[in-house]
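1. turn this into a structure:
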Amino acid sequence: MLRDSLKWRENLEVEKLKDWEPPEVIQKYYPSGISGYDKDGAPVIIVPFAGLDMWGMMHCISKADFIKMTIKTLELYLSRAREQAQKFGQEASKVVVIMDMENFNLRQYAWRPAGEAVMALLQMYEANYPEILKACYIINAPKVFAIAFSVVKNFLNEYTLQKIQIIASDPRKWQPLLLKLIESDQLPAHFGGTQTDPDGNPRYTTEIHQGGKIPKSYYAKKTDKTSPPANDTFTTVVIKKGEKLSLPFIAPVEQSILKWEFRSEDHDIKFGIMCKDVNGIESTAVPLHKVNSHQSDEIGFITCPAPATYTVIFDNTNSYIRNKKLHYAITMVSPPTVKDEDDDEIILQD
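-> Just a heads-up that it's a prediction; the model follows:
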């Protein structure tokens with residue numbers, strides 16, 4: 001698991017995200033923040049979850065940027081926890097999360113791009129950040145949240161689930177629990193503490209971004225769909241009706257990484273990857289499937305056994321009336337490397 005996580009960090013260039021400047025809209029409307037620390041010194045994270053406008057977010061930024069922002073935020077919190085651990089010991093090395101579900105609306109997550117983005121984040125968290133969580137308190141959860149959680153818990157392991165408490169919406173039940181673990185001056189007044197903004201706002205918005213409905217004026221700031229993405233590595237093609245585009249890539253060594261990002265205009269496209277080894281034996285690396293890449297950018301990667309040729313396929317053969325315009329960036333990159341304790345470079349092997 002550690003090996004896979006190191007590969008993931010290398011592939012997504014996680015260490016560089018601290019210097020990445022997110023789009024303005026996600027900086028303003030991504031709901032979360034650190035209110036203070038629990039009695040052990042662990043960071044306390046407040047997430048006003050209902051303030052996450054996924055419909056608006058997916059109309060303003062790519063799914064890739066949304067995931068990058070989440071990783072950047074988690075890395076910030078993890079860094080703060082490490083600093084606290086140096087001062088107060090291991091009990092401060094993880095984070096406490098208070099997830100406020102007040103006014104939670106399940107309907108927006110029935111929209112496929114929003115649901116897929118959240119599920120991708122859950123899988124990413126479980127694979128790479130399961131040890132960061134000290135405790136998670138889900139408060140003000142409406143009855144409909146039970147439906148959502150019945151789906152979400154399938155993506156979480158037992159270790160994580162044991163740290164989650166869902167508490168009735170009555171503040172008389174959850175406020176005493178929070179105050180037992182967190183001093184009042186480390187908690188916003190809205191949650192039973194004493195922190196307020198200078199104007200008296202009990203939600204402590206100075207430190208806790210509330211999110212909110214994104215104005216449609218931001219929608220236009222997403223890259224114009226009639227233009228290729230703002231990246232000179234993207235190629236733009238038109239795949240004619242009844243045809244497909246096949247792009248071969250050679251994996252020269254074991255653990256090479258095939259990475260992709262693409263967007264189609266106005267309509268979905270079928271996407272898949274085939275593999276042919278040196279003996280000419282073909283296999284399916286990614287099954288051909290329909291991707292709604294006209295709604296949000298599609299990104300991903302696979303680790304490639306080698307030597308072999310991997311053929312990326314964009315299939316429009318089922319369309320008899322529409323050509324499909326596509327912007328894509330696909331690369332085969334060398335295996336990620338890590339350093340051992342003697343600073344000798346080693347290549348990760350399965």
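2. use CA for all of it now, contacts and neighbours both
-> Noted.
3. may I have the phi/psi pair for the nearest residue in space to residue 253 that is not next to it in sequence?
-> Among residues not flanking residue 253 along the chain, residue 306 sits closest, at 5.2 Å (CA to CA, 6 or more residues apart in numbering). With angles defined as degrees, to the nearest 10, residue 306 sits at phi -150, psi 170.
4. now residue 331. Nearest residue, chain neighbours left out?
-> Excluding the flanking residues, the one nearest residue 331 by CA to CA, 6+ apart is residue 259, at 5.4 Å.
5. only C-alpha atoms, please: export the host helix or strand of that neighbour in CSV.
-> In the assignment (DSSP states H and E), residue 259 maps to strand 256-264. The C-alpha coordinates for strand 256-264 follow below in CSV (Å, rounded to 0.1, in the frame of the first residue of the first chain):
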residue,chain,number,x,y,z
SER,A,256,5.9,2.8,-16.8
ILE,A,257,2.9,5.0,-16.3
LEU,A,258,0.3,5.8,-19.0
LYS,A,259,-1.4,9.1,-18.1
TRP,A,260,-4.4,10.7,-19.8
GLU,A,261,-6.6,13.8,-19.6
PHE,A,262,-9.2,14.6,-22.2
ARG,A,263,-12.3,16.6,-22.9
SER,A,264,-14.9,16.2,-25.6
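6. packing partners of it?
-> With contacts taken as 3 or more CA pairs under 8 Å, 6 or more residues apart in numbering; DSSP states H and E, strand 256-264 sits against strand 298-304, strand 324-333.
7. who are the packing partners of whichever helix or strand comes after the first one?
-> This points to strand 298-304. The element immediately downstream of strand 298-304 (helix or strand, assigned by DSSP H and E) is strand 308-315. Judged by 3+ CA pairs under 8 Å, 6+ apart, strand 308-315 is in contact with strand 244-251, strand 269-277.
8. sorry, back to before: and the strand holding residue 259, how far from the chain's centre?
-> 17 Å (CA atoms, centre = their mean, to the nearest Å).
9. wait, doesn't residue 133 sit right on residue 96?
-> Yes - Residue 133 is in contact with residue 96 according to CA atoms under 8 Å; the separation is 6.5 Å.
10. of the two, who's got more company?
-> residue 96 (23 against 17; other CA atoms under 10 Å).
11. three-state assignment of the more buried one?
-> strand (DSSP: H, G, I helix; E, B strand; the rest coil).
12. which residues does it bridge with?
-> residue 44, residue 135 (DSSP bridges).
13. hmm, back to that, hmm, the residue nearest to residue 253 is touching residue 277, no?
-> Yes - with contact defined as CA under 8 Å, residue 306 counts as touching residue 277 (7.4 Å).
14. mind giving me the domain split of this protein?
-> 2-221, 235-340 (automatic domain parsing).
15. pLDDT of the shortest one, averaged?
-> Think domain 235-340. Mean per-residue pLDDT for domain 235-340: 87.
16. again with stretch 73-87
-> pLDDT averaged over stretch 73-87 gives 95.
17. okay, buried residues for that stretch please.
-> 73, 74, 75, 77, 78, 80, 81, 82, 83, 84, 85 (16 or more other CA atoms under 10 Å).
18. stretch 176-187 now?
-> Applying 16+ other CA under 10 Å to stretch 176-187 flags 178, 179, 182, 183, 184, 185, 186, 187 as buried.
19. ok, stretch 153-162 next?
-> Under 16+ other CA under 10 Å, the buried positions of stretch 153-162 are 155, 156, 160.
20. where do the helices sit along the protein?
-> 2-11, 24-29, 54-58, 63-88, 112-128, 145-152, 158-161, 171-181 (DSSP state H).
21. nearest to residue 42, of these?
-> Nearest to residue 42, of all the helices of the chain, is helix 63-88, at 6.2 Å by CA to CA.
22. what helices or strands is the closest one leaning on?
-> strand 43-48, strand 95-100, helix 112-128, strand 298-304.
23. tell me how far the longest one lies from the chain's centre.
-> In terms of CA atoms, centre = their mean, the centre of helix 112-128 is found 6 Å from the chain centre.
24. ok, residues contacting it?
-> Contact with helix 112-128 is made by 1, 5, 54-55, 58, 63, 67, 70, 108-109, 152, 155-157, 292, 295-296, as judged by CA atoms under 8 Å, 6 or more residues apart in numbering.
25. excluding sequence neighbours, find me the nearest residue to residue 245.
-> residue 314 (5.1 Å).
26. give me the number of residues near residue 308?
-> Neighbour tally, residue 308, other CA under 10 Å: 21.
27. can you pull up the bridge partners for it?
-> Beta-bridge partners, per DSSP bridges, of residue 308: residue 251, residue 277.
28. is it correct that it is in contact with residue 274?
-> No - checked against CA under 8 Å, the pair residue 308 and residue 274 is beyond contact range at 10.2 Å.
29. sorry, back to before: could you dump the helices and strands packed on helix 63-88 into CSV and include distance to residue 209?
-> Below are the helices and strands packed on helix 63-88 laid out as CSV (distance: least, CA to CA, whole Å):
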stretch, distance to residue 209
strand 43-48, 8
strand 95-100, 12
helix 112-128, 19
strand 298-304, 27
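30. just those: most buried one?
-> Stretch with highest mean neighbour count among those: strand 43-48 (a mean of 24; mean count of other CA atoms under 10 Å).
31. and that one, what does it pack against?
-> strand 33-37, helix 63-88, strand 95-100.
32. among those, which is nearest residue 240?
-> Using CA to CA, the helices and strands packed on strand 43-48 put helix 63-88 closest to residue 240, at 26.5 Å.
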